[in-house]
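In: Output the structure for:
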Amino acid sequence: MILRVAAVHAGNIAAVARQVPASTPFSRKFASRAAGRIALLRRPLSDRARKQQQPTSSLDAAAGQARTLRTVVVTSLGGVLGLSYFYGRTTDDGNEKVWVGSRSPYSLDRAYSAGPCCACIGSGIIATLVAKVAPASVALVQIPGGLHELMAVPLTILLAFRFQGSYDRWWGSRREIEAVATSVIGIALCAANSSDSNAARVKALRLYTSMREEGPLVPLNYKEQAKVADQHTCFLRMLSLLDVFCSITDTALMCGEHPHASNEPSHWPSMGEFLSREDSRRLGAAADPLLWSLDAMMECIHTGQQLGMYSSELSSEMFAQVNGLHLSLRQCEMVVKQSSPAPFVVHMRTMLLAYCFTYPLSIIGSVPAFLLLPCQVMVSFSLLGIEFCSREMEHPFGNDASDVPCRRIMSEARVAISRVRDRHT
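Out: The predicted structure follows:
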């Protein structure tokens, strides 16, 4: 049927060519084109089909070469990464080890949330299927790329502000908890090395002393013995209160949770192990153990001043250190109890999820179908990862390995207090 229609069409062209005068340039040009079309239409069908198959085979060969090239490139890149990883694992250089350890790009211990990640990967899979199955309908689902370019500017500012704020919260908390431990040890040292509460005064309970430079040795009288005993008791009470304060600080900041195994100290005594029976009763009856411990420490400083243990200047300094303990701990409690402003976080996360979720639809048609999903994974992993890390740093106290090691820091302070007690008793 097709050959019959072509023959009729060729006959019509020939008839028209004969009617046109041959003297004009147009007629000669028209006649030559008509003769070429007639010859093409009269050529056997098998000959024309053979000519049409040649471009198809060329395209197939080019596609095969492209696939081979992609395979070689991907394999080569993977081999380069594998060699660098092997070198980092086998070398003894610490600067190389950090690139293959638990804090390296190869680490699987990452901050992530499965919900938004799965949503973004799903949108990438859908865009890939559309580009593969219905390439002619890509324009129906495509989003203008300029929209994402406009969203990228405010989103970048919000992410940078969010990350910096969370980073400052983490390091600020780390500094404050270190200031608490430092102040606790400082107060213990002040209590132990004051002029009237040193080891010599404590040992005077068991030794004799001379009441004058020359003469017989006589024991201390009853009042002096009672005074030394009260000083010693006050000194031990101060150390026990500092020890309890460290334990209360850990409970308040960790909210009763146990730390990560890497942040767990080797020895953590129970709360109130060194408290007297009376102080243990008061601590159990206190509505706010933290406030009670601070109040008891100030009471102990005032008692030591009355007993002549501390001078006015030293007492003033110790009062200031106790107030510093309270200030630093309140700063840490504020971080535990107060999250970032909800309107800011909600708006930033909404823009971030909308950007990552619709990103494949902005590049569909301009990127090969096989690259849609990798591009979506890379972009979503980069941007969502910033928010996941910010969320982790926003809450620095907890049971993660990267959290502030509150219990380990307080344990070091308690060990220092115990050493001061052993040295001066």
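In: which stretches of the stretch 301-425 of the chain have low pLDDT?
Out: Per-residue confidence of the stretch 301-425 of the chain (counting by pLDDT under 70) places no residue in a weak region.
In: show me where it has helices.
Out: In chain order, the stretch 301-425 of the chain shows helices spanning 312-337, 342-363, 369-394, 406-423, with DSSP state H, counting those that start in this stretch as the criterion.
In: One more: the stretch 151-300 of the chain?
Out: With DSSP H, counting those that start in this stretch applied, the stretch 151-300 of the chain shows helices at 199-203, 222-254, 277-285, 289-306, listed in chain order.
In: If you average pLDDT over each of those, which is lowest?
Out: Ranked by mean pLDDT, the helices of the stretch 151-300 of the chain bottom out at helix 199-203, which scores a mean of 48.
In: Just to check, residue 352 is in contact with residue 385?
Out: No - using Cβ atoms under 8 Å, residue 352 makes no contact with residue 385, being 10.8 Å away. Any C-beta I mention is one placed from the backbone N, CA and C, and that applies to glycine too.
In: what about the two, which has more around it?
Out: Neighbour totals were compared for residue 352 and residue 385, and residue 352 leads with 21 against 14 (other Cβ atoms under 10 Å).
In: residue contacts, residue 89?
Out: The contact partners of residue 89, taken as Cβ atoms under 8 Å, 6 or more residues apart in numbering, are residue 100.
In: give me the element it is part of.
Out: Counting by DSSP states H and E, the element that carries residue 89 is helix 45-90.
In: Quick check: mean pLDDT of that helix?
Out: The predicted model gives helix 45-90 an average pLDDT of 75.
In: Against which helices or strands is the helix or strand that that helix is followed by packed?
Out: Next along the chain after helix 45-90, taking DSSP H and E as the criterion, comes helix 94-97. Contact analysis of helix 94-97 by 3 or more Cβ pairs under 8 Å, 6 or more residues apart in numbering; DSSP states H and E lists helix 45-90 as its packing neighbours.
In: switch the cut-off to 6 Å
Out: Under the contact criterion of 3 or more Cβ pairs under 6 Å, 6 or more residues apart in numbering; DSSP states H and E, the helices and strands touching helix 94-97 comprise an empty set.
In: Number of residues surrounding residue 126?
Out: Around residue 126 there are 16 residues (other Cβ under 10 Å).
In: nope, residue 141 is what I was after
Out: Close neighbours of residue 141, defined as other Cβ under 10 Å, add up to 15.
In: Against residue 361, how distant is it?
Out: 6 Å (Cβ to Cβ, to the nearest Å).
In: And residue 60, by the same measure?
Out: The separation that residue 60 has from residue 361, given Cβ to Cβ, amounts to 31 Å.
In: Which one of the two is surrounded by more residues?
Out: Neighbours were tallied for residue 60 and for residue 361 using other Cβ under 10 Å; the higher tally belongs to residue 361 (23 against 10).
In: Assess the claim that that one and residue 145 are in contact.
Out: No - using Cβ atoms under 6 Å, residue 361 makes no contact with residue 145, being 9.7 Å away.
In: who's in contact with residue 246?
Out: When the contact criterion is Cβ atoms under 6 Å, 6 or more residues apart in numbering, the partners of residue 246 are 410, 413, 414.
In: mind giving me the domain split of this structure?
Out: Domain assignment of the chain by automatic domain parsing yields the ranges 118-141+340-394, 165-339+403-423.
In: between those, which gets nearest to residue 154?
Out: Using Cβ to Cβ as the measure, domain 118-141+340-394 is the one of those that comes nearest residue 154, at 7.1 Å.
In: gap between the two ends of that closest one?
Out: With Cα to Cα, to the nearest Å as the measure, the first residue of domain 118-141+340-394 is 23 Å from its last.
In: neighbours of residue 281, just the number please.
Out: By other Cβ under 10 Å, the residues close to residue 281 number 11.
In: what's the spacing between it and residue 239?
Out: Applying Cβ to Cβ, the value for residue 281 to residue 239 is 19 Å.
In: Same check on residue 331?
Out: As judged by Cβ to Cβ, residue 331 and residue 239 stand 25 Å apart.
In: cool, and residue 351?
Out: In this structure, residue 351 lies at 54 Å from residue 239, with Cβ to Cβ as the measure.
In: the more surrounded of these two?
Out: Set side by side, residue 351 and residue 239 give different neighbour counts by other Cβ under 10 Å, the larger being at residue 239 (22 against 15).
In: check contacts around that one.
Out: 188, 417, 421.
In: For the second one, grab the count of nearby residues.
Out: Meaning residue 417. 26.
In: Surely it touches residue 188?
Out: Yes - in this structure residue 417 lies within contact range of residue 188 using Cβ under 6 Å: 5.1 Å.
In: shared neighbours of these two, anything?
Out: Any residue near both residue 417 and residue 188 by Cβ under 6 Å, 6+ apart counts here, and that gives 239, 242.
In: residue contacts, residue 155?
Out: Residue 155 sits next to 351, 355 when contact means Cβ under 6 Å, 6+ apart.
In: Likewise for residue 362?
Out: 143, 145, 148.
In: again, only using 8 Å
Out: 142, 143, 144, 145, 147, 148.
In: Next, format these as CSV and append secondary structure and neighbour count.
Out: Rendered in CSV, the data for these read as follows (DSSP: H, G, I helix; E, B strand; the rest coil; neighbours: other Cβ atoms under 10 Å):
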residue, secondary structure, neighbour count
142, coil, 16
143, coil, 14
144, coil, 10
145, helix, 14
147, helix, 13
148, helix, 19
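In: Identify the residue with the minimum pLDDT among those residues.
Out: residue 145 (86).
In: measure that residue to residue 78 for me?
Out: In this structure, residue 145 and residue 78 are 30 Å apart, going by Cβ to Cβ.
In: do the same with residue 129
Out: According to Cβ to Cβ, residue 129 stands 26 Å off from residue 78.
In: what does residue 286 give?
Out: Distance check for residue 286 against residue 78: by Cβ to Cβ, it reads 62 Å.
In: The two: who's more crowded?
Out: Each of residue 286 and residue 78 had its neighbours counted (other Cβ under 10 Å), and the higher figure belongs to residue 286 (14 against 10).
In: contacting residues for that one?
Out: Remark: with contacts taken as Cβ under 8 Å, 6+ apart, residue 286 is in contact with residue 292.
In: Understood, closing this out.
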